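Asks: predicted model and sequence below, questions to follow.
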Amino acid sequence: MPLRWYGNGDPTDPIYLHFSRIVNFTIHAMAFAAVNSGLWLVHQIRDVWPNLQWITGLWLVGLMVHLTFVIIRRPSSTNHSPLEE
């Protein structure tokens with residue numbers, strides 16, 4: 001079941017900010033998958049980039065740093081969520 005946010009978003013609400021960070025990470029991961037699969041397809045066809053693994057590796061490290069940031073900035077479970085009412 002998809003995430004739903006009822007009502008207007010409050011940028012000061014920690015739960016809302018966490019969902020925003022999750023959505024941003026998801027977009028980052030989708031861009032990583034789409035761009036890298038395209039680059040590797042072209043590389044397999046034409047052998048254009050000899051060091052493509054470095055580009056993929058560095059971007060993957062950036063993606064993992066982003067994931068770590070999202071996990072670290074997760075709100076504590078003691079906060080009351082407006083979705084739990």
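Replies: That came through fine. Numbering: from 1, shown residues only.
Asks: show residues contacting the helix or strand hosting Gly62.
Replies: For Gly62, the host element (DSSP states H and E) is helix 52-72. Identification of contacts with helix 52-72 by Cβ atoms under 8 Å, 6 or more residues apart in numbering yields 18, 21-22, 24-25, 28-29, 32, 36, 39-40, 43, 49. Quick note: C-beta positions are derived from backbone N, CA and C, even for glycine.
Asks: quick one: average confidence on that helix?
Replies: Average pLDDT, helix 52-72: 96.
Asks: check stretch 16-30 too.
Replies: Mean predicted confidence for stretch 16-30 is 93.
Asks: any idea how far it is from the middle of the chain?
Replies: Centroid separation between stretch 16-30 and its chain, computed with Cα atoms, centre = their mean, to the nearest Å, is 5 Å.
Asks: quick check: pLDDT value at the nearest residue to Trp49 once chain neighbours are set aside.
Replies: Excluding the flanking residues, the one nearest Trp49 by Cβ to Cβ, 6 or more residues apart in numbering is His43, at 5.5 Å. With respect to pLDDT, His43 scores 92.
Asks: and His43, what element?
Replies: helix 14-46.
Asks: in that helix, what counts as buried?
Replies: Going by neighbour count (16 or more other Cβ atoms under 10 Å), the buried part of helix 14-46 is 15-16, 18, 21, 25, 28, 32, 36, 39, 43.
Asks: what sits against the residue nearest to the spatial centre of the chain?
Replies: Centroid-nearest residue in the chain: Phe25, 1.3 Å away (criterion: Cα atoms, centre = their mean). Going by Cβ under 8 Å, 6+ apart, Phe25 touches 66-67, 70.
Asks: mind doing that once more with 6 Å?
Replies: If you count contacts by Cβ atoms under 6 Å, 6 or more residues apart in numbering, Phe25 has them with 66, 70.
Asks: quick check: the gap between the residue of the chain most remote from its centre and Leu52.
Replies: What lies farthest from the middle of the chain is Arg46; by Cα atoms, centre = their mean that is 30.2 Å. The gap separating Arg46 from Leu52 is 11 Å, by Cβ to Cβ, to the nearest Å.
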